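[1] the following comprises the amino acid sequence and a computationally predicted model.
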Amino acid sequence: MRASVIVIDWHRPELTRRALAALEAQRGRVDLELVLVVNEARPGAAEAFAAEFPAVVVVAEARNTGFAGGVAAGAARAGGDVLVLVNNDAVPDPDFVERGLARLAAEPDLAAVAGHVVLEGAFRRVDDDRSTDDLVALGGAAWRRSDEGVELVNSTGVVVDASANGVDRDWLAPAGTASAGDDPFAFSGAAVFLRRPALESVGGFDPSLFMYYEDVDVSWRLRLAGHRVGYEPGARVVHRHAGSSSSSGQLVRYRSMRNRLVVTARNGSRRLLARVVLRTVLRLLRDLVGVPYLDGRHRRLLVLEAVPAVVRARRAGRSARRAAVVRPRDLERIWFGGHPD
């Protein structure tokens, strides 16, 4: 079983070098190919990576194709039968690739295996005097970096709720309290092992998504086709949260809202899509009378660009939904916290 590890760089060479060095050290343990995609490559950037890492396949992209486009470009150049994605701001443990491949070998029905992603550094709980730099869990608990804190989980896969919101499973759970190994609905693109035939059978990554929800989209299509998405606690990476891009801001909010609509249109039932559209409209209406979630420019963009994209995605996914091994509504009942009746 040969693994091709794909790493995407966008103007963060210092972080990318850390990831590549940690992966290069694993060559003796497994049959491994490394593919680096340099998005919006500046003059000499790709050549510098090639000189420092001569065994790495370097793909230079003239423009920023985002994470989804970068993965698609890397997959086109990769030769492995397993594609492994690792964020460039993550450092994998020495046995990361070995542990993920072993899980795939042990369970042939798995099409994808999510890795165990922990946050770089240590953190302590903050009860008051909160800062905008604090990380906030879904339940509202805030955590701040501290030399005497604890290790926190970033992701053990992705879960999706009844309104198609995708969130990292076990986000900010203290180490040792995360999921033991049960399957998530989706993998996180920060660290995942994908069987190439299964990925290609569902169409691969959609470059038009650019960033956010591209991992949920592929996982959703895999599950509709009857495949499993698993999780391997031993395939661990240490992730610098938002090391390559901001985790907030207007672009992130816009992309999250836009891509949730598009991915639901492609893969979801009519009822789920109607619910997501309704919630998005209500969100935009609240923006007009309160503190806006999106600024005026991104609200206009959501209407002018996202609406045609949703229509195209609905049409493009029609044949796959009809041929699905698991019906969209059945999948939603099982995984999305109850179907929105």
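    Now that the structure is in, tell me what you want to look at. Predicted model only: the values in this text are computed from it and were never measured. Numbering: from 1, shown residues only.

[2] if I look at the residue of the chain most remote from its centre, how far off is residue 282?
    Outermost residue of the chain with respect to the C-alpha centroid, by CA atoms, centre = their mean, is residue 289; its distance is 32.9 Å. Counting by CB to CB, to the nearest Å, the gap from residue 289 to residue 282 is 11 Å. C-beta coordinates here come from the backbone N, C-alpha and C atoms, glycine included.

[3] hang on, the earlier thing: got the phi and psi for the residue farthest from the centre of the chain?
    Here is the backbone geometry of residue 289 (degrees, to the nearest 10): phi -120, psi -10.

[4] and it, how far from residue 35?
    For residue 289, the distance to residue 35 - CB to CB - is 48 Å.

[5] poorly predicted segments of the stretch 101-250 of the chain, please.
    For the stretch 101-250 of the chain, the stretches flagged by pLDDT under 70 are 243-248.

[6] mind running it again at 80?
    Scanning the stretch 101-250 of the chain with the threshold set as pLDDT under 80 gives 242-248.

[7] my guess is residue 314 contacts residue 266. True?
    Yes. Between residue 314 and residue 266 there is a contact at 6.9 Å, judged by CB atoms under 8 Å.

[8] between these two, who's got more neighbours?
    The neighbour count for residue 314 versus residue 266, taken as other CB atoms under 10 Å, is higher for residue 266 (25 against 18).

[9] and the helix or strand harbouring that one, C-alpha only, in CSV?
    Using DSSP states H and E, residue 266 maps to helix 250-267. Output in CSV follows, covering the C-alpha atoms of helix 250-267 (Å, rounded to 0.1, in the frame of the first residue of the first chain):
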residue,chain,number,x,y,z
GLN,A,250,-15.7,38.0,6.7
LEU,A,251,-14.2,35.7,4.1
VAL,A,252,-14.3,32.7,6.5
ARG,A,253,-17.9,33.5,7.4
TYR,A,254,-18.9,34.0,3.8
ARG,A,255,-17.2,30.8,2.6
SER,A,256,-18.7,28.8,5.4
MET,A,257,-22.3,30.0,4.7
ARG,A,258,-21.8,29.7,0.9
ASN,A,259,-20.3,26.2,1.0
ARG,A,260,-22.8,24.8,3.5
LEU,A,261,-25.5,25.8,1.0
VAL,A,262,-23.7,24.3,-2.0
VAL,A,263,-22.7,21.1,-0.2
THR,A,264,-26.2,20.5,1.1
ALA,A,265,-27.7,21.3,-2.4
ARG,A,266,-25.4,18.6,-3.9
ASN,A,267,-25.9,15.9,-1.3
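
[10] so where do the helices sit in the stretch 201-341 of the chain?
    Counting by DSSP state H, counting those that start in this stretch, the stretch 201-341 of the chain has helices at residues 214-224, 250-267, 270-289, 296-301, 307-316, 318-322, 328-335.

[11] please identify the deepest-packed of these.
    helix 214-224 (a mean of 26; mean count of other CB atoms under 10 Å).

[12] what helices or strands is that one leaning on?
    helix 66-77, strand 110-119, strand 158-160, helix 196-201, strand 228-239, helix 250-267, helix 318-322, helix 328-335 (3 or more CB pairs under 8 Å, 6 or more residues apart in numbering; DSSP states H and E).

[13] care to break the protein down by domain?
    3-120+155-239, 250-335 (automatic domain parsing).

[14] can I get these in a markdown table with distance to residue 136?
    Converted to a markdown table, those look like this (distance: least, CB to CB, whole Å):
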| stretch | distance to residue 136 |
| --- | --- |
| domain 3-120+155-239 | 8 |
| domain 250-335 | 15 |
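
[15] closest one to residue 133 among those?
    domain 3-120+155-239 (13.3 Å; CB to CB).

[16] who touches residue 150 in this structure?
    Counting by CB atoms under 8 Å, 6 or more residues apart in numbering, residue 150 makes contact with 122, 123, 124, 174, 175.

[17] run the last query once more with 7 Å
    122, 123, 174, 175 (CB atoms under 7 Å, 6 or more residues apart in numbering).

[18] can you tell me how far the closest residue to the third one other than its chain neighbours sits from residue 296?
    Among residues not flanking residue 174 along the chain, residue 150 sits closest, at 5.1 Å (CB to CB, 6 or more residues apart in numbering). As defined by CB to CB, residue 150 lies at a distance of 42 Å from residue 296.
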